[in-house]
Structures are given as structure tokens and as C-alpha cells.
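Trainee: Predicted model and sequence follow; I will ask about them next.
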Amino acid sequence: MSDHQTRHHVRRHIIIGDGVTAAAFAENCSFESGDELIVIGKNAAHLGRGLAYAAEPKETPWRFAYLLNSPAEDIDPNFGLWLEENWENISAKMQGRRLDWLAAAQTLVSQGDIKGLNVPRAFLGDFIEERTRNALAKHKQNGLKIQLINNTAIAIEKRPDGFRIETTDGRYFDADTVDIATGGPETQRIDGDESAFSAPTLFGNEERIAEHIKKGSEILCIGMNATMLDVLRLCQSLLPENQIRLAACSPRGSLPEPLIPQLPRKIMRPNLKGPYETAESFLAAVKENMKAARKDGHQMGELRSGFRAYFIEHGLKHFMPNIEEARKVPNTLRHWLRGGTRDTIMDFKRLSAIGSTKIICGGVHAIEPTASGAEVIFKDNAGVLTRRETGFVINCSGAGSQFTFDPLTRSLIDRGWVKVCTQSGGIEVGKACCTTIAGLRHLSPATTVIGDEVMPMPLYDAHLLRTQVFQA
């Protein structure tokens, strides 16, 4: 045994999760030769995909239907380059589908702007998985021992010498240090959203929903966000467009603004002076910047990417030293900079002209099953209840203002290892994503405060999550 081996304590690090954040933690873990890395996640063998970018295990009409919200290069500049390099293979996979994404993409492709496409989400999963696999291969070459375990961690215990993790199959894993990256908050539940004629979420329920779509039933989505747009894509993959019957409702009754790339590219650079004493004064300055940018011809895509880059360079603390005031900002910015998939939003608007899609303004109070469908009970701004009969209801409402977390994260909150922000409902962690327990870090799309820095824009963004891991 060498002197180094005698001196070196073999350190074991565990990452819990299988998505973008878990993959970034795995890429950036520090180690010495002989150390061990264990990744525990439901889909750990395909680390980086998580639920958002998972690959369909079998061929279905909707296999590549769901699109990314943002253009490829806005998600990650390297993804835009990868897309160009792999375009021939991607084109081959997309041939002959009812939902002819290639034809819709042709305008940008003919202009040489493959990087500007909203591509099927599974291809981003391919890119992330490939990048992660290459990083892990380098780790192995440098002496790190790696295990990828397809399972779910259900409990974590602090022990004198580190941590013990329990999984659903009753196994235990010990570690010196742990990173938890179990994903964002769960969709808020609505009374009656799980019945013969309703589903609490789209994903995983496609086959059952598809039967109702093919019968010609009206499909009513609660929420007008990315998931609702996915439902439209599901409908388009199954029926001719004039046979689709899709309704979407929300209290505002408005679609997100489509994220449309422009050629030549326009770069929007905010100009915020600060420091601002209040959230109100800061937001007023942001609004003026947005107004000026619109006047200069910038669209929502440039506004979002411009502010994102600006806030990565200058944290919110740079402009608002008062953290309590800063906490009031993110929820408003989220609505102001709300955008969505160009292709699907334009399709929704086009199909509304022939009555295939429609918008309902109102908040859903409850869903009641009927003999042949469901009755949705709406509450308007005055609190008045109205009813609407429909064929099938899908809860696309998102997390809402009162987040519900996975059981493992919930246990950290209950023990005071992480906190919940009273303003945003998101998670607060310490500097570098540390919890109150040494050796344990936590990061998710629902994280809104890291140390003394408030996240100005939600971390529902692969690039922002990756950036936070790199900074940590």
C-alpha cells in the first residue's frame, strides 16, 4: 500500500435525484482517486433527464410531441451547437409523424437558424445525458468509483460520521456528504382531479387521456402554461386539427407570450442603476427597461434572455441590499417575463379561429364526475360560482403559491434543515446551497433564496440551475 493510500480516507458522496441539477452536482463533485460517488434516483441510469426530459420507452403518436419552451441556444448555447451537429439524425427520427414538427421548423432551418428552434424535449435529454456520461467517464478515468442506482431515497438520517440514506426497497447507504436535487414542487391538487373523467397530471396519463381525445370529447385543461400547451400537442398527434376540442382556463385567461428568435439576433442589455430601497422602485425600473426594449424592437425572447444573463452577472443583492424587499420581487418578475413555446402558442391561436381551442377566464373551485364526463365548478373574481360540463379534465395548474414538496424535502423542512420563504413559498438554503447541517446541500427549481441572495428569476431553467451548481 502506498503512502498516499495510507493517508487518504476514502470519501463517499451521495447525490439524490436524476435530473439536470443532480447531473450538474455529479459533474462538479470534487474527489481524490479512490473516492466513491453514488447517485440515487428513479432514472439514475440516464442521469440528467429526470422527468422533464425523459425518453419515451416505446413508440407512441406523442413520443416527440412535447416541445421546449425556449429556443435551443437560449436554454444552453452548447445545446444549440449540439443540435446543429446532430440535425441529420434528429430529422430522420422526426420523419412521417402526424404532428409535422419538421415542416413547422422549416422556416428557421432554411434560414440556417437551427439553434433558434423549439425542439422536442427528449432531444435536450439526449444532450444532457450525453454530456453527463462524458463527465462521469472522465471522473472514472481519474479514479472515482461511481454507482448509478435506479431507486428513490425516502429518508435521510444524520449520523456522527456522516449520513445514512434509506431507499424504497429497504436498503441503506452511508455517505460523508450528500447533495439533494429531487426536483421542483408538485402540482397543486384540486378537488375531484382524479376520477374516471379527470387526471391530476398529464405526464404518465397519456394513454388514458388519448382514449378520450380520440372519442372527440372536449378536453379541459386547468391552467394555461407549458403543460396545457403539451396537451394541445398531444391532441394534434392524435386527431386532425378540425376535430380537436380543447378548452383551457385560468384566472387571467391569457396565453404566455411566444418566445420568437429574431435574425439577426438582438441582444437586450438591461440598465438598472440602483441601489433601490424598495421592491416597488426596483420593479418600476425593470418596467421602464422593458418598455424601452420593446420600443427598440425586442421581443419577449430577448427580454427573458437579457434579464437572465444580467442577473447572473449581477445578483439581486447588487440592486436591492434589503433582502426583505428583494423577496417581494421574484413573483412579479415571473409573470412579467412569462413566455412559452412559439409553435404551440401560435397553433392554439390559429385553432381558436375554427373553434378547436378556446379560453375560459376563471379559477376552478372543484371538479365533479358525471355519468359521461365531468362538471367543472368555476369561481370568478367576485366569488360567484358557475358550472361547465366537459368530457375530460386535466390538472395543468402547476405548483401554485403554496408549494407541496416531495417527502424527502418535506422532512428537511420539518427538521429545520432548510426553510420556506414566507414571500415566495420557495426553499431557502444557505450560501453555496448548504443546509443547516454540515455536509448536506439542497437545490431545486423551487429554491428562491441562496444565502443572502434572492433568485430574481425562478430556477425553472436548466441553464440557471446548472449555473447555481457551478457557483456553489
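Mentor: Cool, got the structure.

Trainee: and the closest residue to residue 321 other than its chain neighbours, how far is that from residue 318?
Mentor: Spatial nearest neighbour of residue 321, excluding adjacent residues (Cβ to Cβ, 6 or more residues apart in numbering): residue 275 at 5.6 Å. No exception for glycine: its C-beta is placed from N, CA and C like everyone else's. Distance, residue 275 to residue 318, by Cβ to Cβ, to the nearest Å: 8 Å.

Trainee: doesn't residue 293 make contact with residue 268?
Mentor: Yes: using Cβ atoms under 8 Å, residue 268 is in contact with residue 293, at 5.0 Å.

Trainee: shared neighbours of these two, anything?
Mentor: 302-303, 306 (Cβ atoms under 8 Å, 6 or more residues apart in numbering).

Trainee: among the residues you listed, which are in helices?
Mentor: Using DSSP state H, the subset of these located in helices is 302-303, 306.

Trainee: where in the stretch 1-150 of the chain is pLDDT low?
Mentor: 1-8 (pLDDT under 70).

Trainee: Which parts of it are strands?
Mentor: With DSSP state E, counting those that start in this stretch applied, the stretch 1-150 of the chain shows strands at 12-16, 36-41, 145-150, listed in chain order.

Trainee: ditto for the stretch 151-300 of the chain
Mentor: Using DSSP E, counting those that start in this stretch, strands in the stretch 151-300 of the chain cover 153-159, 162-167, 172-175, 177-180, 198-199, 219-222, 246-250, 257-258.

Trainee: Give me the sheet partners of the first one and which way each runs.
Mentor: In the sheet, strand 153-159 lines up against strand 162-167 (antiparallel) (DSSP bridges).

Trainee: Report the buried residues of the strand it pairs with.
Mentor: 162-165, 167 (16 or more other Cβ atoms under 10 Å).

Trainee: what would those residues look like in TSV with distance to residue 457?
Mentor: Shown next, in TSV, are the buried residues of strand 162-167 (distance: Cβ to Cβ, whole Å):
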residue	distance to residue 457
162	35
163	32
164	36
165	32
167	34
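
Trainee: which one of those residues is nearest residue 324?
Mentor: residue 163 (32.9 Å; Cβ to Cβ).

Trainee: Tell me which residues touch the closest one, please.
Mentor: The neighbours of residue 163, taking Cβ under 8 Å, 6+ apart as the test, are 14, 156-157, 174-178, 439-440.

Trainee: Report pLDDT for it.
Mentor: The confidence metric pLDDT takes the value 98 at residue 163.

Trainee: what sits opposite it in the beta ladder?
Mentor: Taking DSSP bridges, one finds residue 158, residue 175 as the beta-bridge partners of residue 163.

Trainee: where along the stretch 301-450 of the chain do the strands fall?
Mentor: Under DSSP E, counting those that start in this stretch, the stretch 301-450 of the chain gives strands at 339-340, 357-361, 363-369, 374-379, 385-390, 392-395, 419-420, 427-429, 440-442, 447-450.

Trainee: Can you tell me which of those strands is packed in deepest?
Mentor: Compared across the strands of the stretch 301-450 of the chain, strand 392-395 shows the largest average neighbour count, a mean of 26 (mean count of other Cβ atoms under 10 Å).

Trainee: how many neighbours does the residue nearest to residue 321 have?
Mentor: Number of residues near residue 275 (other Cβ atoms under 10 Å) recorded here: 13.

Trainee: Give me the PyMOL select line for the contacts of residue 163, limited to the buried ones.
Mentor: In PyMOL, this line selects whichever of these come out buried by 16+ other Cβ under 10 Å:
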select buried, resi 14+156+175+176+177+178+440
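
Trainee: Residue 146: which of the contacts of residue 163 is nearest?
Mentor: residue 14 (11.5 Å).

Trainee: if I pick the closest one, what's in contact with it?
Mentor: Residue 14 neighbours (Cβ under 8 Å, 6+ apart): 37-40, 163, 165, 173, 175, 177-179.

Trainee: ok, and the closest non-adjacent residue to it?
Mentor: Among residues not flanking residue 14 along the chain, residue 175 sits closest, at 4.0 Å (Cβ to Cβ, 6+ apart).

Trainee: Quick one, grab the pLDDT at the one you found.
Mentor: So, for residue 175, pLDDT stands at 97.

Trainee: Give the burial count for the residue lying closest to residue 129 once chain neighbours are set aside, as a bare number.
Mentor: Sequence neighbours aside, residue 48 is the residue nearest to residue 129 in space, at 4.8 Å (criterion: Cβ to Cβ, 6+ apart). Close neighbours of residue 48, defined as other Cβ under 10 Å, add up to 28.

Trainee: hang on, residue 48 packs against residue 23?
Mentor: Yes: at 3.6 Å, residue 48 counts as touching residue 23 under the criterion of Cβ under 8 Å.

Trainee: Touching both of those two, which residues are there?
Mentor: 128, 131-132.
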